[in-house]
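Colleague: Return a 3D structure for these sequence lines:
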Amino acid sequence: MSKYEQVYRRSIEDPNSFWGEAAEAISWYKKWDKVLDDSNVPFYCWFAGGELNTCYNALDRHVESGRGDQAALIWDSPVTGRKQKHTFRELTEKVAKFAGVLSSLGVSKGDTVIIYMSMVPEALMAMLACARLGAVHSVVFGGFAPNELAVRIDDARPKVIVATSCGIEGMTKVIEYLPMLNLAIELAQHKPEKCVILQRPQARGELKQGRDLDWEELMAKASPVECVPVKATDPLYILYTSGTTGLPKGIVRDNGGHAVALRWSMENIYNVRPGDVYWAASDVGWVVGHSYIVYAPLITGCTTIMYEGKPIGTPDPGAFWRVISEHSVKVLFTAPTAFRAIKKDDPKGEHFKKYDLSSFKILFLAGERLDPDTYFWASELLGRPVIDHWWQTETGWPMTANCMGIEAFPVKAGSATKPVPGYVLEVLDAGGNKVPPGTDGILAVRLPLPPGTLLTLWNADERFLNSYVNPYPGYYFTADGGNIDQDGYVFIMGRVDDVINVAGHRLSTGAMEEIIAKHPDVAECAVFGAEDNLKGQVPVGVAVLKAGVSRDSEEIKRELVRMIREQIGPIACYKDTAVVARLPKTRSGKILRGIMSKIADGQPYSTPATIDDPAILGEIEDALKQIGYNKKEEQITPAAAS
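Modeller: Got it, this is the predicted structure:
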């Protein structure tokens, strides 16, 4: 039996002792009464009765154990030309002071705080300061549109919002955050008591008297506070992810299971140890930033990199190689989109050759499917392991991976290798039955999920059950399709719901449809994902105009792009709309989005027996060709009548 098989089998057959041992790597004020509490299935809890503080585990204990002078955080910002290093001692002092700021504003254990910041060290400090107090943070991606932020304000009901005055896109574009924050608060029913604003020199904002307070002024007079013990099962953070209804789902993460799982993952999946330099090239607004910029590296005692820039254009396709070389990065974790962008601008890897990358050992990719072409290009260029792995906002850490700290398996292009210890992954048919190896189906994880995964949805237990448990009782429904081959390798094929993956960002097509439908000239519409060589997927819209509309359709299309950009944000990457006479539907009125997605990608498809009028599909083919999609010859297979 291989080492991986031994570790994996033990994690499944004896999870209590397996995770109990893993928990010894975490510092506890009070040990747990029970490793796995299954008294309220399917709301499982880990380390019930235990008490700890996540900030203490990420900072204070490293100072106490002699790592105080080691770099904890390196901030590298090519868009501002600035770099900063913060040792564990310095970072602990600053976080303790900002926790004092929040405490002075009335924030205490159990309160919520929204963080709406760009990629600056203070964003990480704000997150850890909340954890220090036992407050629950909810980071909203900096630059998210006001109405999206307003929805999150109403759901999380924060006592305080912490924001930067602006963010920076590329080398020159400055995006002011305060006008968006002001509008979001105006739109929201719930009003925060105070807002703490970090003024960035690129665009200083006007503070609202009586509500807004200056970060620097508060820090100058703040007193540090100690860590507050919390229950292992208390919430650490809420992170909103796209829901199929257009309303975001607030994923709730605990303190105890989260710390244990992330600490275990660093050594066993990523093969990094205390003192190593680890870089997750993501944003703190996403789950990768939470888990692998902030919490996992710091809990482990690694140096983490926080990068404010892009893989290309800041200033060139050698940006990643410069950071790795300059800061002696051992492991890089990013999205396939980043490498597709680098490949597009520097296909021969000329910039790669300019740097000393002797410290660099492994590249991990996740956030969307790693296409074989990008895998082979990166593997040949780097001459190092390129590891695809798969996980979700909900799980908080990988479900499948090539666990480099346990046993390295041969890579199969297109596969995220094998289930990570703790996860029993199965492929089911529509009826919930297991399918044979190599057969496509719905990927589901047998309950209970391991530590570190979602507890529930914020104030929405029923929605948690309907979204993740009820579709296949006894399983966590991933909403991803794929198969597991005869060697146990997992292949992820894509989403089975209407959430699409744009450059690693999960976005709801339903939310986009709701916006397009508000246009005064649009009668009905549909949005679906189409394959994109750079971003993985991009949204494509089809719209039916109201009778009598005589305006230029190109002008209407531009307005739709602007509406999506204003209400969801530029991250939606919405650019293309086909104006059509009618939408393909079943006789019951269901719009055939999946068929349109296949047409856009030039893939073969079967005409459903339940379609209202098969001729509509030919009209959709022509319309999508006119906007640059459906480039391959279609192979249409009529379905048998039912």
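
Colleague: In which helix or strand does the closest residue to Pro347 other than its chain neighbours reside?
Modeller: Leaving aside its chain neighbours, Pro347 sits nearest to Trp377 (7.9 Å; criterion: CB to CB, 6 or more residues apart in numbering). (Each C-beta comes from the backbone N, C-alpha and C, glycine too.) For Trp377, the host element (DSSP states H and E) is helix 372-382.

Colleague: pLDDT of that helix, averaged?
Modeller: For helix 372-382, mean pLDDT rounds to 91.

Colleague: Note down every partner strand of the next helix or strand after that helix and its orientation.
Modeller: Read in the C-terminal direction, the helix or strand following helix 372-382 is strand 386-388, with elements assigned using DSSP H and E. Strands that pair with strand 386-388, judged by DSSP bridges, come out as strand 362-365 (parallel).

Colleague: chain center to the strand it pairs with, what's the gap?
Modeller: 17 Å (CA atoms, centre = their mean, to the nearest Å).

Colleague: and it, average pLDDT?
Modeller: What strand 362-365 shows for mean pLDDT is 98.

Colleague: And for that strand, what's in contact with it?
Modeller: In this structure, residues lying in contact with strand 362-365 by CB atoms under 8 Å, 6 or more residues apart in numbering are 270-271, 330-336, 339, 378, 382, 384-389, 401, 404.

Colleague: Of these, keep whichever come out buried.
Modeller: 270-271, 330-336, 339, 378, 382, 385-389, 401, 404 (16 or more other CB atoms under 10 Å).

Colleague: For Glu217, the count of nearby residues, please.
Modeller: The burial count assigned to Glu217 is 12, neighbours taken as other CB atoms under 10 Å.

Colleague: Where does Asn57 sit: helix, strand or coil?
Modeller: Here Asn57 is helix, with the state taken from DSSP: H, G, I helix; E, B strand; the rest coil.

Colleague: what's the burial count for it?
Modeller: By other CB under 10 Å, the burial measure for Asn57, its neighbour count, is 26.

Colleague: Which of the helices or strands spans the residue nearest to it when sequence neighbours are not counted?
Modeller: Using CB to CB, 6+ apart and skipping the chain neighbours, the partner closest in space to Asn57 is Ile299 (5.1 Å). In this assignment (DSSP H and E), Ile299 forms part of helix 296-300.

Colleague: and the helix or strand just after that helix, what other elements does it pack with?
Modeller: For helix 296-300, the succeeding helix or strand toward the C-terminus, using DSSP H and E, is strand 303-307. Other helices and strands packing on strand 303-307, by 3 or more CB pairs under 8 Å, 6 or more residues apart in numbering; DSSP states H and E, are strand 71-77, strand 277-280, helix 296-300, helix 319-327.

Colleague: Give me the contacts around the longest helix anywhere in the chain.
Modeller: Among the elements of the chain assigned as helix by DSSP state H, the one spanning the most residues is helix 88-104. Counting by CB under 8 Å, 6+ apart, the neighbours of helix 88-104 from elsewhere in the structure are 55, 59-60, 62-63, 67-70, 72-73, 86, 113, 122, 125-126, 128-130, 132-133, 135, 160, 196, 215, 218-219, 222-226.

Colleague: Please state the offset of that helix from the chain centre?
Modeller: For helix 88-104, the separation from the chain centroid amounts to 26 Å (computed by CA atoms, centre = their mean).

Colleague: and what of stretch 548-560?
Modeller: Mean-position distance between stretch 548-560 and its chain equals 34 Å (CA atoms, centre = their mean).

Colleague: Report the buried residues of that stretch.
Modeller: With burial defined by 16+ other CB under 10 Å, the residues of stretch 548-560 counted as buried are Ile556, Lys557, Glu559, Leu560.

Colleague: so what's the third one closest to, chain neighbours aside?
Modeller: Spatially, and ignoring its direct neighbours in sequence, Glu559 is nearest to His519 (6.5 Å; CB to CB, 6+ apart).

Colleague: what's the answer for the second one, then?
Modeller: On the basis of CB to CB, 6+ apart, the spatially nearest residue to Lys557 that is not a chain neighbour turns out to be Thr577, at 4.6 Å.

Colleague: sorry, back to before: for the residue nearest to Pro347, the count of nearby residues, please.
Modeller: Applying other CB under 10 Å, we find 18 other residues in the vicinity of Trp377.

Colleague: just to revisit the earlier point, how big is the angle separating the helix holding Trp377 from helix 319-327?
Modeller: Angle of helix 372-382 versus helix 319-327, following axes from the mean of the first three to the mean of the last three CA atoms, to 10 degrees, is 40 degrees.

Colleague: other SSEs contacting helix 372-382?
Modeller: Under the contact definition 3+ CB pairs under 8 Å, 6+ apart, helix 372-382 sits against helix 336-345, strand 362-365, strand 386-388.

Colleague: Looking at those, which one is packed in the most?
Modeller: Each of these was assessed for mean neighbour count using mean count of other CB atoms under 10 Å. The highest is strand 386-388, with a mean of 26.

Colleague: average pLDDT across that one?
Modeller: In this model, strand 386-388 has an average pLDDT of 97.

Colleague: What of stretch 534-542?
Modeller: For stretch 534-542, the mean pLDDT works out to 92.

Colleague: And stretch 327-342, by the same measure?
Modeller: Averaging the model's pLDDT scores along stretch 327-342 yields 92.

Colleague: quick check, distance from it to the centre of its chain.
Modeller: Its chain's C-alpha centre lies 16 Å from the corresponding centre of stretch 327-342 when counted by CA atoms, centre = their mean.

Colleague: Start and end of it, how far apart?
Modeller: 20 Å (CA to CA, to the nearest Å).

Colleague: what's across from Val502 in the sheet?
Modeller: Using DSSP bridges, the beta-bridge partners of Val502 come out as His505, Gly536.

Colleague: Tell me if I'm right that it and Gly536 touch.
Modeller: Yes. Under the criterion of CB atoms under 8 Å, Val502 lies in contact with Gly536, with a separation of 6.9 Å.

Colleague: who has more neighbours, these two?
Modeller: Gly536 (25 against 20).

Colleague: Now do the contacts for the more buried one.
Modeller: Applying CB under 8 Å, 6+ apart, one finds that Gly536 lies in contact with Pro336, Thr337, Glu368, Arg369, Asn501, Val502, Ala503, Gly504.

Colleague: can I see the domain layout of the chain?
Modeller: 3-406+414-478, 499-638 (automatic domain parsing).

Colleague: nearest residue to Ala547 other than its sequence neighbours?
Modeller: Nearest-residue entry for Ala547: Ala523, 7.6 Å, with adjacent residues in sequence omitted and distances by CB to CB, 6+ apart.

Colleague: any idea whether the one you found is helix, strand or coil?
Modeller: Secondary structure of Ala523, reduced to three states by three-state DSSP: strand.
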